[in-house]
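K.L.:
just need the structure, nothing else, for what follows:
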Amino acid sequence: MTFADMLAKVKTAAAKKDVSDKGFLAVQVNITGDDPGVFYVEVKDGKVNVEPYEYNDRSCAVTMSLADFDKLIEGKLDPVAAFTLGKLKVDGDIGKALEFSKLLK
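P.N.:
Coordinates of the predicted model:
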C-alpha cells in the first residue's frame, strides 16, 4: 500500500462516519517509512474532512509507519498497545488522540 492509497482509504472511510454528535477535533497524521506523507483529519460542524496537508492549529499529531497505521484503522492494532510499544507517537493532547482512535473504528 502506498501513502496515496492510504489517504484514499481514510477519505472513503471518513465519508461514511456519522460525527453529528462529535465536537471539534483536528489530528495531523504523520506517516513514516519508505513512502512517507502527512494528512489531517478534521471533525467540524458535523462533518469529517481529510486533506493531504499539515494542520497547524491541531489538537494533536500522531506519527507511525504506513503498515502500522493500516493495522490501526483495520482494527488489528490497539492504539494503546501501539503507543506503549512505541509504534505510535503522540505530540499534543493524548485524550484527543484516543478520541481520534475511537473515530477510526
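K.L.:
all helices of this structure, in order?
P.N.:
3-15, 66-74, 79-84, 94-104 (DSSP state H).
K.L.:
got JSON lines for those helices, with distance to residue 50 and mean pLDDT too?
P.N.:
From N, CA and C alone the C-beta is placed, and that goes for glycine too. Formatted as JSON lines, those follow (distance: least, C-beta to C-beta, whole Å; pLDDT from 0 to 100):
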{"stretch": "helix 3-15", "distance to residue 50": "5", "mean pLDDT": "93"}
{"stretch": "helix 66-74", "distance to residue 50": "12", "mean pLDDT": "94"}
{"stretch": "helix 79-84", "distance to residue 50": "18", "mean pLDDT": "93"}
{"stretch": "helix 94-104", "distance to residue 50": "11", "mean pLDDT": "87"}
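K.L.:
and of those, who's closest to residue 35?
P.N.:
helix 3-15 (4.6 Å; C-beta to C-beta).
K.L.:
just want the angle from the closest one to helix 94-104.
P.N.:
Orientation check (axes from the mean of the first three to the mean of the last three C-alpha atoms, to 10 degrees): helix 3-15 against helix 94-104 gives 80 degrees.
K.L.:
let me see the contact set for the residue nearest the centre of the chain.
P.N.:
Nearest to the mean C-alpha position of the chain, counting by C-alpha atoms, centre = their mean, stands residue 29 at 5.1 Å. Counting by C-beta atoms under 8 Å, 6 or more residues apart in numbering, residue 29 touches 10, 38, 39, 40, 41, 61, 62, 63, 69.
K.L.:
and with 10 Å instead?
P.N.:
By C-beta atoms under 10 Å, 6 or more residues apart in numbering, residue 29 lies in contact with 6-7, 10, 37-41, 50, 55, 58, 61-64, 69, 72, 100.
K.L.:
ditto for residue 68
P.N.:
31, 32, 33, 76, 77, 82, 85, 87, 88.
K.L.:
equivalent analysis for residue 4, please.
P.N.:
Taking C-beta under 10 Å, 6+ apart, we find residue 4 in contact with 35, 37, 52.
K.L.:
my guess is the second one contacts residue 64. True?
P.N.:
No: look at residue 37 against residue 64 with C-beta atoms under 10 Å: they stay out of range, at 12.0 Å.
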